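# with the input below, show me the fold.
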Amino acid sequence: MITMRGGFRSAFLFAVPTWQEGAGRLVDLANALTAYNVTNPPEDPDARALAQDWRAVGDELRAAIARQ
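Next up, the predicted model:
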């Protein structure tokens, strides 16, 4: 999970590597270590990501209004 400005954001589309995987990527010239999270059906993550984008827009608008 990723937290941005106090709000909740999910990282379901991203594979979060360990530090060992990150160090291994330094010498991975063939890009063999790259992995993506897969869901079925493929439209599901797009819909979830779009909904989260709009939630983030709403969060930013609410924060801007509260500051005034």
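
# only C-alpha atoms for contact and neighbour calcs from this point on.
Fine.

# low pLDDT regions in this protein?
Along the chain, the parts satisfying pLDDT under 70 run over 1-14, 37, 42-43.

# ok, 50 please
Where the chain drops to pLDDT under 50, the residues are 1-3.

# and stretch 25-45, what's buried?
Buried residues in stretch 25-45, defined by neighbour count with 16 or more other CA atoms under 10 Å: 25, 45.

# again with stretch 52-59
Of the residues in stretch 52-59, residue 56 count as buried by neighbour count, 16+ other CA under 10 Å.

# the residue of the chain positioned farthest from its centre and residue 59, how far apart?
Going by CA atoms, centre = their mean, the residue of the chain most distant from its centre is residue 68, 29.8 Å out. As judged by CA to CA, to the nearest Å, residue 68 and residue 59 stand 15 Å apart.

# which parts of the chain are helices?
Remark: helices assigned in the chain by DSSP state H are 19-24, 43-67.

# which among these is found nearest to residue 34?
In terms of CA to CA, the element of these nearest to residue 34 is helix 19-24, at 9.5 Å.

# okay, that closest one in CSV with CA atoms only?
Extracted in CSV, the C-alpha atoms of helix 19-24 (Å, rounded to 0.1, in the frame of the first residue of the first chain):
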residue,chain,number,x,y,z
TRP,A,19,16.0,-5.1,-1.7
GLN,A,20,17.7,-8.3,-3.1
GLU,A,21,15.6,-8.1,-6.3
GLY,A,22,16.5,-4.4,-6.6
ALA,A,23,20.2,-5.2,-6.3
GLY,A,24,19.8,-7.9,-8.8
